[in-house]
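Student: I need the structure of the sequence given here:
(chains A and B)
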Number of protein chains: 2
Amino acid sequence: MTIILYDLAGGQDQRFSGPCWRTRFALAHKGLAFETRPVRFTQIPGIAGGGQKTVPVLDDGGRIIGDSWAIATYLEETYPKTPSLFGGAQGRAYALFINNWMNVIGPLMLKVILLDLYARLDPADQSYFRESREKRFGKTLEAHAAEPMETRVAVLRAVVEPARAVLREQPFLSGAAPLYPDYLLAGYFMWARSMSPEKVLAEDDPLYAWFQRMLDLFGGMARKAPHEW
Amino acid sequence: MTIILYDLAGGQDQRFSGPCWRTRFALAHKGLAFETRPVRFTQIPGIAGGGQKTVPVLDDGGRIIGDSWAIATYLEETYPKTPSLFGGAQGRAYALFINNWMNVIGPLMLKVILLDLYARLDPADQSYFRESREKRFGKTLEAHAAEPMETRVAVLRAVVEPARAVLREQPFLSGAAPLYPDYLLAGYFMWARSMSPEKVLAEDDPLYAWFQRMLDLFGGMARKAPHEW
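Tutor: Numbers count the residues shown, from 1 in each chain, chains lettered A, B, ... in the order given. Okay, here's the model as predicted:
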């Protein structure tokens, strides 16, 4: 049975969620047939009978799994004959670290794309997004993104330096081929690419070349998605 | 033949270098016999015939290897029958990432311990240290460490959050047992523990419990080293 991925969508059906992209890459990596169902933020509580607070949510023949890390480990355990997402115990530890490192990267990426993202949300999501994020930030969206764009981009580019340094030595974070650590980071760059014209990576950045390789994977799956750069 | 590790030493023979501790843990992990030779910063150019700019430096029966990452990969390749430092290709990729992430952690740790460290250097090293670091920082040591200690410690504790999150789920960064990623991070905590009374980790921090486990390894090798907390 085809797996269903509930996938966050913008006003023009941009599939912009970093965590949803992790899962989409993971499903493609494992060669599992899946369909996506676009959902807006405000539709999340109604997914698959209710009870979900975030996306991605997977429906695998009636088994409902939320949280991208839980989904990744579920897929790894449930489909052991498909290509491994982690490449063994050390790869799982690496992925777990990068999964948590994303909590450093995500907020800094969001500062760069925040107002563009807001403008591109489905109008039905905008008031929810503004209210929930302004509560989280303790200030308006505009105040949260008030630093000059140059500064916000520079901070983001600086904080991803450990990944850049790895990519100076090997083509993917995971070595010669991509695994889940690559999908984690690429997911957040898909977020930016989907919803903001701001080029968060300079073209001479090793991360840019790596991201092009990520866009090419699985027949250009990510490259074909609606994008701004 | 016993391997010789040239190991940075303070005024009271504290072995305080984070990179040297990585190598020391690596040698112990592999069960390789080694002796350390204390060196001061200003003695580095004279190590093993000259040409070295940093420590650790390893002398393995006349083969001289500098740079902690080069040493780790050398040990892994040269002694394949000893316990692996990386645990395979994915573990090596993980270690490479963490090796680069240390370049984020190191400067923030240094801000915490800087003046204590300076005070504990061998007097013969102090002017070299002050001059080289003030050139790097573009300001005096005192100005570089001018923020309140509470702030400096808070920043350090925040930036190690990805490791803390991993350690909430498993006993070591590498899973059930320590590998090179653990030695990388523990090395920097040894730096702090060797040269500053400032408790950089709260006792209820999962990183503190992990560090206690690291201190216990190899018969308490690290625990026995001169320390301030």
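Student: Just give the nearest non-adjacent residue to A:W210, would you?
Tutor: Among residues not flanking A:W210 along the chain, A:L167 sits closest, at 4.8 Å (C-beta to C-beta, 6 or more residues apart in numbering or on different chains). For every residue, glycine as well, the C-beta is placed using N, CA and C.
Student: my guess is the one you found contacts A:Y208, does it?
Tutor: No. Under the criterion of C-beta atoms under 8 Å, A:L167 is not in contact with A:Y208, lying 9.7 Å apart.
Student: When these two are compared, which one has more neighbours?
Tutor: A:L167 (23 against 16; other C-beta atoms under 10 Å in any protein chain shown).
Student: which ones are touching the nearest residue to A:A225 once chain neighbours are set aside?
Tutor: Leaving aside its chain neighbours, A:A225 sits nearest to A:R15 (5.8 Å; criterion: C-beta to C-beta, 6+ apart). For A:R15, the contacting residues are A:7-9, A:21, A:24, A:36, A:38, A:194, A:225-226, by C-beta atoms under 8 Å, 6 or more residues apart in numbering or on different chains.
Student: if we go to 10 Å?
Tutor: A:5, A:7-9, A:21, A:24, A:36, A:38, A:190-191, A:194, A:222, A:225-226 (C-beta atoms under 10 Å, 6 or more residues apart in numbering or on different chains).
Student: what's the answer for A:R130, then?
Tutor: Here A:R130 is in contact with A:118, A:121, A:140-141 (criterion: C-beta under 10 Å, 6+ apart).
Student: Going by neighbour count, list what's buried in the strand or helix carrying it.
Tutor: Per DSSP states H and E: A:R130 is located in helix A:123-137. The neighbour-count check on helix A:123-137 (16 or more other C-beta atoms under 10 Å in any protein chain shown) flags A:125-126, A:129, A:133, A:137 as buried.
Student: Just put the residues you listed in TSV and tack on distance to B:G66.
Tutor: Converted to TSV, the buried residues of helix A:123-137 look like this (distance: C-beta to C-beta, whole Å):
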residue	distance to B:G66
A:D125	55
A:Q126	56
A:F129	52
A:R133	49
A:F137	46
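Student: which of the residues you listed lies closest to chain B?
Tutor: A:F137 (16.9 Å; C-beta to the nearest C-beta).
Student: Chain neighbours aside, what residue packs nearest to the closest one?
Tutor: Nearest non-adjacent residue to A:F137 (C-beta to C-beta, 6+ apart): A:H144, at 4.5 Å.
Student: What of A:E134?
Tutor: Of all residues not flanking A:E134 in the chain, A:T140 sits nearest, at 5.7 Å (C-beta to C-beta, 6+ apart).
Student: contacting residues for that neighbour?
Tutor: A:T140 makes contact with A:130, A:133-134, A:146, according to C-beta under 10 Å, 6+ apart.
Student: Tell me the buried residues in whichever helix in chain A runs longest?
Tutor: In chain A, taking DSSP state H as the definition, the longest helix is helix A:89-120. Neighbour counts over helix A:89-120 (16+ other C-beta under 10 Å) mark A:89-102, A:105, A:108-118, A:120 as buried.
Student: That one to helix B:89-120, inter-axis angle?
Tutor: Between helix A:89-120 and helix B:89-120, the angle comes out at 80 degrees (axes from the mean of the first three to the mean of the last three C-alpha atoms, to 10 degrees).
Student: quick one: helix A:89-120 to helix A:123-137, angle?
Tutor: Angle, helix A:89-120 to helix A:123-137, by the same axes, to 10 degrees: 120 degrees.
Student: Briefly note if helix A:89-120 comes near chain B.
Tutor: Yes. Legend: contact between helix A:89-120 and chain B by C-beta under 10 Å from any C-beta of the partner chain is shown at A:89-105.
Student: Tell me which stretches of chain A form helices.
Tutor: Using DSSP H, helices in chain A cover A:18-29, A:68-78, A:89-120, A:123-137, A:141-144, A:149-159, A:161-167, A:180-195, A:206-220.
Student: how about the first one as CSV, C-alpha atoms only?
Tutor: In CSV, the C-alpha atoms belonging to helix A:18-29 read as follows (Å, rounded to 0.1, in the frame of the first residue of the first chain):
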residue,chain,number,x,y,z
GLY,A,18,12.3,21.3,6.3
PRO,A,19,11.1,18.3,8.5
CYS,A,20,8.8,17.2,5.7
TRP,A,21,11.6,17.3,3.2
ARG,A,22,13.7,15.1,5.5
THR,A,23,11.0,12.5,5.3
ARG,A,24,10.5,12.9,1.6
PHE,A,25,14.2,12.3,1.0
ALA,A,26,14.1,9.3,3.4
LEU,A,27,11.2,7.7,1.6
ALA,A,28,12.9,8.2,-1.8
HIS,A,29,16.2,6.9,-0.4
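Student: for the record, mean pLDDT for it?
Tutor: Across helix A:18-29, pLDDT averages out at 98.
Student: Can you point out the buried residues in stretch A:186-199?
Tutor: A:186-196, A:198.
Student: nearest to B:D60, of these?
Tutor: Ranked by distance to B:D60 (C-beta to C-beta), the buried residues of stretch A:186-199 are led by A:A186 at 39.8 Å.
Student: What's the local residue count around the residue nearest to A:P45 when sequence neighbours are not counted?
Tutor: With C-beta to C-beta, 6+ apart as the criterion, A:P45 has its nearest non-adjacent residue at 6.9 Å, and that residue is A:Q52. By other C-beta under 10 Å, the residues close to A:Q52 number 20.
Student: go on, A:A143?
Tutor: So A:A143, with other C-beta under 10 Å, has 10 neighbours.
Student: who's in contact with it?
Tutor: With contact taken as C-beta under 10 Å, 6+ apart, A:A143 is in contact with A:134, A:137.
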